[in-house]
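Q: Give me a 3D structure for the following:
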Amino acid sequence: MNLLDPARLDPPEEPVRPRVLLIEDDVDLRFSVRLSLEAVGWAVVEASTAATGVVSAQRDDPDVIVLDLGLPDGDGREVLARLKSRAETAWVPIVVLSGRAEASLVAALLRAGAEDYVVKPFSTDELEARLIAARRVSLEHRRLASSEANYRAAFEEAPVGMAQVDRGGRLLKVNEALSHMLGYGRDDLEGRPLLDLIHPDDAVGAGAAGQSIATDQAEGFRAERRFVNARGNHIWVEVTASVITDGGGDVSHFLGHYVDISDRKRFEDQLHHLVVHDLLSGLLNSRGFEAELDRQVALVARYGASGALMVLDLDHFKQVNDTLGHKAGDEIIVSMADTLRLSVRKTDVVARLGGDEFAIILPHANAEQAEAVAGKIVAAVRNKVTLLSGAHNRQVTTSIGCQPVAAQDC
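A: As a prediction, this is how the structure comes out:
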C-alpha cells in the first residue's frame, strides 16, 4: 500500500474568508456589492431589514458590518445603537452607508460608535478599502479575545494556586487550586486582604514586599511564607508575584503564583535535624553546638548579658567500652543524655560533642549559678546513670569544667 497515495492525503484546509454582514434594503445594490466583495475573497451575509440584521449580527459572527441608514423597519442609527449596546456585537466595526454627506451627521454617527462612513454612490474599490481598514479592528479584538481566553484557561486550570491582587493587597480573583490549597471557597477569598491569610510572623515581611512592588520599586518578588488555612493550620507556600501594568505603564494589579511547599519544608527540617543532632543521644552534635555557642557569644557581645559554658566527660568510659563492649557504652551515653536534659532549664543548650564528651550552655547564668548547676549534675549522674553489669549495677561518675561567658571575653 502506498502511504503517499494522493487519494489518501487530507485536502489542505481552505483559508478562512473574512465575513461581512451587509444590512441593505436595496436588492440591486446588495447584489452588486456581494459580487464585488466575493470576487476579492469576502464571505457576504445579507440582511434586508433592521430586525434581520440584528439577528444576523448575533448569529453569524461577522468581522465587519455594512449598515444602511435608510431601512424599511427602522432607522439605521437605532440599529447602530442596539448593536453597540450588546456585548456580543459591541466590538464589531460598523461601516455606515448613506446618501447624505452632512458633516454633522457623519460626526454624530462616529461618536455613536461607527467605524467609518461611506456616501452613496460609491465604488466597490472604495468600500473594500474601508472594509479592510475596519477589519483590522476586528482582527485585533479577536486576537485579544483569544489571548484573554487562553489566559483565563491557564489561570483557572493551573495546577498551582494563582490570584490577581490589587495594589492594596486585596484578592481580586483566585483560581480553584488556591481555593483548594487554603481550604476556603472562592467567594470567601475574593475581596479579602491577602495579609489575613499569612502567618502573623511572616505578615510584616509580606506587607513590605507588596508595598515595594506597588510603588514601582520592584518588578516582582519570590518568597517563602507561612499561610494559615481554613482549619487554622499553617502551610508553607512559595510565593511569586509579578507586576501587571495598564496601557499607560502604571501598575494595575499583581499576579501571584502560590505553591504548597510544606512537604519540602518538612523534609528540609528533617535533614537539618539530622545534620545538627547526635543520632544516639538525640542531643545537639558538635556542629549544632557550635552554632548555638556562636549565637550566645553574639548576644553577650551585643547586650552585655552573662552566661556560662560547661564541658563534661564520663569517668573511665573507655574502660567500660573495652571491657563490656560498645552496646554498654551506648547505654551509658543515652542514660547520661536523659539525665542532663532533666537537670537543666528548657532554655539551656545541651550537646554531645563526641564519645563521652558533653557540653552545656547556660544563658544568663553567673559563675555562682553555674557552679550550683554543676553540683546538681554531678549528683544526678552519680545517682541515676548506672549500667547493669551482670548481677550488679555499675555506678557512673562525671567530671565538669565550667567557664563563665562575659561581654569582656567576647
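Q: C-alpha from now on. contacts and neighbour counts both.
A: Noted.
Q: how near is R17 to L37?
A: The gap separating R17 from L37 is 11 Å, by CA to CA, to the nearest Å.
Q: Look at the two and report which has more neighbours.
A: The residue with more neighbours, out of R17 and L37, is L37; 19 against 13, by other CA atoms under 10 Å.
Q: rewinding a little: what's the overlap in contacts for R17 and L37?
A: Both R17 and L37 are in contact with A43, where contact means CA atoms under 8 Å, 6 or more residues apart in numbering.
Q: got the buried residues for the host helix or strand of A308?
A: Assigned by DSSP states H and E, A308 falls within strand 307-314. If you call a residue buried by 16 or more other CA atoms under 10 Å, then strand 307-314 has these buried ones: 307-314.
Q: try stretch 62-82
A: Judged by neighbour count (16+ other CA under 10 Å), stretch 62-82 contains these buried residues: 62-71, 76-77, 79-80.
Q: swap in stretch 105-123?
A: 106, 109-110, 113-118.
Q: Residues in contact with that stretch: which ones?
A: Residues contacting stretch 105-123 (CA under 8 Å, 6+ apart): 77, 80-81, 84, 93-101, 127, 130, 134.
Q: If any of those are buried, put those into a PyMOL selection.
A: Per 16+ other CA under 10 Å, the buried members of these correspond to this PyMOL selection:
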select buried, resi 77+80+84+93+94+95+96+97+98+127+130+134
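Q: From the buried residues of stretch 62-82, pick the one nearest V259.
A: V259 lies nearest to D63 out of the buried residues of stretch 62-82, by CA to CA, at 41.6 Å.
Q: how much space between D196 and R152?
A: Taken as CA to CA, the span from D196 to R152 is 26 Å.
Q: let me fix that: P121
A: Using CA to CA, which is the criterion applied here, P121 is 46 Å from R152.
Q: Same check on V79?
A: On the measure of CA to CA, V79 and R152 end up 32 Å apart.
Q: need the strands for the stretch 101-250 of the chain, in chain order.
A: Secondary structure of the stretch 101-250 of the chain (DSSP state E, counting those that start in this stretch): strands located at 116-119, 161-165, 171-174, 220-228, 234-245.
Q: Skipping adjacent residues, who's closest to L127 in space?
A: What sits nearest to L127 in space, not counting adjacent residues and going by CA to CA, 6 or more residues apart in numbering, is V118, at 7.3 Å.
Q: ok so, going back, would you mind finding the most buried of the strands of the stretch 101-250 of the chain?
A: For the strands of the stretch 101-250 of the chain, the largest average neighbour count (mean count of other CA atoms under 10 Å) is found in strand 161-165, namely a mean of 25.
Q: Give the other helices and strands that that strand contacts.
A: With contacts taken as 3 or more CA pairs under 8 Å, 6 or more residues apart in numbering; DSSP states H and E, strand 161-165 sits against strand 171-174, helix 176-182, strand 251-260.
Q: The longest one - which strands sit beside it in the sheet, and in what orientation?
A: Taking DSSP bridges as the criterion, strand 251-260 forms sheet pairs with strand 161-165 (antiparallel), strand 234-245 (antiparallel).
Q: buried residues in the very next helix or strand once past that strand?
A: Heading C-terminal from strand 251-260, the first helix or strand you meet, by DSSP H and E, is helix 262-276. With burial defined by 16+ other CA under 10 Å, the residues of helix 262-276 counted as buried are 273, 276.
Q: same deal with stretch 358-367?
A: 358-367.
Q: Against D294, how distant is the spatially most central residue of the chain?
A: The chain has H257 as the residue nearest its centroid, 1.5 Å off, counting by CA atoms, centre = their mean. According to CA to CA, H257 and D294 sit 37 Å apart.
Q: ditto for R111
A: Plainly put, R111 is 75 Å away from D294 if you go by CA to CA.
Q: for the protein, which spans come out with low pLDDT?
A: The chain contains residues with pLDDT under 70 at 1-15, 205-219, 385-394, 406-410.
Q: possible to save the helices and strands packed on strand 161-165 as TSV with distance to D28?
A: As requested, the helices and strands packed on strand 161-165 are exported to TSV (distance: least, CA to CA, whole Å):
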stretch	distance to D28
strand 171-174	53
helix 176-182	56
strand 251-260	52
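Q: surely M162 meets L178?
A: Yes. Between M162 and L178 there is a contact at 6.1 Å, judged by CA atoms under 8 Å.
Q: Common neighbours of these two, please.
A: With CA under 8 Å, 6+ apart, M162 and L178 have common neighbours Y258.
Q: which strands and helices sit next to the strand or helix carrying L80?
A: Following DSSP H and E, one finds L80 within helix 76-85. Helices and strands touching helix 76-85, by 3+ CA pairs under 8 Å, 6+ apart, are helix 50-59.
Q: can you state the direction angle for the helix it packs on and helix 76-85?
A: Computed by axes from the mean of the first three to the mean of the last three CA atoms, to 10 degrees, the angle separating helix 50-59 from helix 76-85 equals 20 degrees.
Q: Only the buried residues of helix 50-59, if you could.
A: 50, 53-54, 56-57.
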